[in-house]
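predicted model follows, preceded by the sequence.
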Amino acid sequence: MLTIAMPKGRIFEEALELLRKAGYALPPEFVESRKLMIDIPEEEMRFILAKPMDVVTYVEHGVADLGIAGKDVLLEEERDVYELLDLRISQCRLAVAGLPNSRLNDIAPRVATKYPNVASSYFREQGEQVEIIPLNGSIELAPLIGLADRIVDIVSTGRTLKENGLVEFETIANVTSRLIVNPVSYRMKDEKIDELVERLAAVIANEEKAVL
Ligand SMILES: Nc1ncnc2c1ncn2[C@@H]1O[C@H](COP(=O)(O)OP(=O)(O)OP(=O)(O)O)[C@@H](O)[C@H]1O
Ligand SMILES: O=P(O)(O)OC[C@H]1O[C@H](OP(=O)(O)OP(=O)(O)O)[C@H](O)[C@@H]1O
């Protein structure tokens, strides 16, 4: 039996589609129900549905063998899990943004973000000492209301920045979702896990070919 932690929210449907294309028979119950733990005995699989930021916690503790998480979360959390496969879904980037023509306040520049570790490392590497202001969402609001000089957040289409009159200054990292595994699970269930990885990798390779 493989237990897989799936992120609720925007990655979920794309991840589900990938698994279905890889030949796993996942019932409609998945999308419709409010159940958080779903067993698929025919596939010898159990799915648990978690918040995207929490998937790594379930996998690190070994209560899930595998999980699907954004590279943004993996960079922020730096947990003891292995990254097995780039699923190439939910593409976006982690970027620094702010009001146009604004300079970093010399005395105590403030950076609002949902990614405090990524943001601190980035500004440390730039030689800038900043105060990190952790927020949980609507990060783009912070520069508008005077809470922060810069934000570090996800940019995808750029629409949220544009509609709030903000500009992107730097890309910190390109982000896609990854298949992650608990190191002990990988040793104990390597055959089943390798089979899943191969089937998913074949679907991804096929889709890339279709785009070219
Ligand atoms: N606008 C976006 N476009 C594409 N991918 C995104 C976008 N925003 C986030 N992502 C990716 O999807 C993952 C999950 O994002 P989602 O917004 O579903 O979760 P969340 O904001 O952590 O959850 P919640 O809003 O429920 O607190 C992120 O970790 C990131 O990898
Ligand atoms: O470049 P865009 O295509 O506009 O996408 C970027 C936006 O998407 C995410 O927000 P989300 O919708 O998850 O809302 P929240 O984080 O503010 O809750 C991210 O935090 C940005 O605000």
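Received the coordinates, thanks. Residues are numbered from 1 along each chain as shown. Ligands and ions are numbered 1, 2, ... in the order given.

in the protein, which residue is closest to the centre?
residue 70 (1.7 Å; CA atoms, centre = their mean).

for that residue, grab phi and psi.
phi -70, psi 150 (degrees, to the nearest 10).

for it, give me its contacts.
Listed by CB atoms under 8 Å, 6 or more residues apart in numbering, the contact set of residue 70 reads 7, 11, 52, 90, 92, 175, 176, 177, 178. For the C-beta atoms, the positions are set from N, CA and C on the backbone; glycine is no exception.

near ligand 2, which residues of the protein?
Counting by CB under 6 Å from any ligand atom, the positions of the chain adjacent to ligand 2 are 137, 138, 139, 140, 153, 154, 155, 156, 157, 158, 159, 160.

is it true that residue 54 lies in a strand?
No. Read with DSSP: H, G, I helix; E, B strand; the rest coil, residue 54 is helix and lies in no strand.

ok, now how distant is it from residue 48?
Distance of residue 54 to residue 48, computed by CB to CB, to the nearest Å: 10 Å.

so which bits of the longest helix belonging to the chain are buried?
Secondary structure assigned by DSSP state H gives helix 190-211 as the longest helix of the chain. For helix 190-211, burial by neighbour count (16 or more other CB atoms under 10 Å) applies to 192, 193, 196, 197, 200, 201, 203, 204.

repeat that for stretch 17-32.
In stretch 17-32, counting by 16+ other CB under 10 Å, buried: 18, 19, 22, 24, 26, 30.

quick one: which two of those residues are the most distant?
Spanning the widest gap among the buried residues of stretch 17-32 are 22 and 30, at 14.7 Å by CB to CB.

walk me through the domains of the chain.
Taking automatic domain parsing as the reference, the chain has its domains at 2-90+176-211, 92-174.

could you see whether ligand 1 lies near the shortest one?
Yes. In terms of CB under 6 Å from any ligand atom, part of domain 92-174 sits within range of ligand 1, namely 92, 154, 156.

pick the one among these closest to residue 44.
Using CB to CB, residue 92 comes nearest to residue 44 of the residues of domain 92-174 next to ligand 1, at 32.9 Å.
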